[in-house]
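K.L.:
Model the following, please.
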Amino acid sequence: MDLSDDRTISTRHAGEMLRDWRQRRRMTQQDLATAAGISTRLVGAMETGQALPNRDIVLRLAERLDVPLRMRNILLTAAGYEPAFPMRVLNDPVLTGVWSTIDRAVRGQSPSPALALDRRWSIVASNDVLRRLVAGVDPALLSTPHNWARLTLHPAGLAPRIANLHEWHGYILGRLRRLFEAAGDPVVADLIEEIRDYPIPRPTDDGGMPNAVAVPLQLMTVDGLLSFYSASTVFGSAIDVMLAELTIETLYPADPETDAIMRQKAQPATGD
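P.N.:
As a prediction, this is how the structure comes out:
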């Protein structure tokens with residue numbers, strides 16, 4: 001059963017959800033009890049619904065299981081308690097200052113492409129460099145909300161321009177699988193299945209990228225082959241659910257040639 005489907009709140013008790021998260025984290029009842037400082041018997045009784053955990057224990061267990069903040073609220077609700085973490089929408093006035101920070105962080109990465117992603121990899125912010133990089137893809141892929149994984153790997157997206165499509169496809173799938181493992185979001189699971197069906201070329205027999213230290217995004221452009229390494233930034237101190245789920249992705253030049261081209265293109269045009 002999907003762990004992040006809010007519709008299960010009314011039919012599943014908190015102990016059942018905790019058991020699912022414990023199994024997802026590959027922990028035994030004794031492992032969890034030891035980590036949380038409670039008895040194994042109590043863990044077992046809670047999982048079967050024979051004991052009702054108090055609010056502090058729910059939060060302690062969820063923290064030890066590294067349950068996402070959204071699901072911690074769901075666990076608390078299922079146990080009969082009020083949510084502990086605010087869950088604001090993107091345009092909430094309280095987040096105005098946060099969005100200013102995100103906007104500065106994304107725009108400040110120029111001349112590197114950068115974007116902010118939500119929990120399902122929909123793009124919620126991007127800089128002009130990225131928008132120029134994806135220009136020319138099918139407009140349907142740029143409709144709101146547009147998804148970064150789909151935008152790069154869909155046959156009507158950047159896929160035909162990606163020189164190492166087989167490697168990039170595997171990298172993105174790996175990221176999404178880890179995202180699903182962490183949060184259990186069924187929408188991410190659907191996205192994984194969709195992307196697995198995209199056509200991809202066979203791996204090349206030329207030895208791959210012997211000098212690479214990470215999988216680059218190698219993009220064929222009118223300026224030549226551009227190569228980028230992707231780096232992720234999260235808000236580690238976030239207590240708001242939406243902010244905790246945001247990731248800023250920056251594509252840094254992976255070689256001197258790409259760095260030179262990106263810096264040159266970022267220079268303002270000058271007249272005679």
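K.L.:
Please enumerate the strands of the stretch 151-272 of the chain.
P.N.:
217-221, 224-234, 247-253 (DSSP state E, counting those that start in this stretch).
K.L.:
For this structure, give me the ranges with low pLDDT.
P.N.:
Residues of the chain meeting the criterion pLDDT under 70: 1-11, 204-212, 269-272.
K.L.:
all helices of this structure, in order?
P.N.:
Applying DSSP state H to the chain gives helices spanning 14-24, 29-36, 40-47, 55-64, 69-78, 96-107, 128-133, 148-153, 165-183, 186-196, 241-244, 256-266.
K.L.:
Compare those and give me the one nearest residue 215.
P.N.:
Among the helices of the chain, helix 165-183 comes nearest to residue 215, with 4.3 Å by Cβ to Cβ. Placement of C-beta: from N, CA and C, glycine included.
K.L.:
Now for residue 15: which residues touch it?
P.N.:
Each residue near residue 15 by Cβ atoms under 8 Å, 6 or more residues apart in numbering is listed here: 45-49, 51, 53.
K.L.:
Check residue 155 too.
P.N.:
Going by Cβ under 8 Å, 6+ apart, residue 155 touches 198-199.
K.L.:
Tell me how far it lies from residue 200.
P.N.:
As defined by Cβ to Cβ, to the nearest Å, residue 155 lies at a distance of 10 Å from residue 200.
K.L.:
do the same with residue 137
P.N.:
With the distance defined as Cβ to Cβ, residue 137 ends up 17 Å from residue 200.
K.L.:
What of residue 105?
P.N.:
Separation of residue 105 from residue 200 (Cβ to Cβ): 32 Å.
K.L.:
Comparing these two, which residue is more hemmed in?
P.N.:
Legend: neighbour count by other Cβ atoms under 10 Å for residue 105 and residue 200, higher for residue 200 (19 against 16).
K.L.:
Contacts only, for the more buried one.
P.N.:
Taking Cβ under 8 Å, 6+ apart, we find residue 200 in contact with 159, 165-166, 169.
K.L.:
State the pair within the residues you listed that is farthest apart.
P.N.:
159 and 166 (10.7 Å).
K.L.:
before we move on, back to that, taking the contacts of residue 15, tell me the two that lie furthest apart.
P.N.:
The most distant members of the contacts of residue 15, if one measures by Cβ to Cβ, are 48 and 53, lying 12.1 Å apart.
K.L.:
How about residue 40, nearest residue that isn't a chain neighbour?
P.N.:
Closest residue in space to residue 40, ignoring its immediate chain neighbours: residue 33 at 4.3 Å, by Cβ to Cβ, 6 or more residues apart in numbering.
K.L.:
and that neighbour, how many neighbours does it have?
P.N.:
19.
K.L.:
wait, it sits on residue 45?
P.N.:
No. Judged on Cβ atoms under 8 Å, residue 33 makes no contact with residue 45 at a distance of 11.1 Å.
K.L.:
got the buried residues for stretch 101-112?
P.N.:
102, 105-106, 109, 111-112 (16 or more other Cβ atoms under 10 Å).
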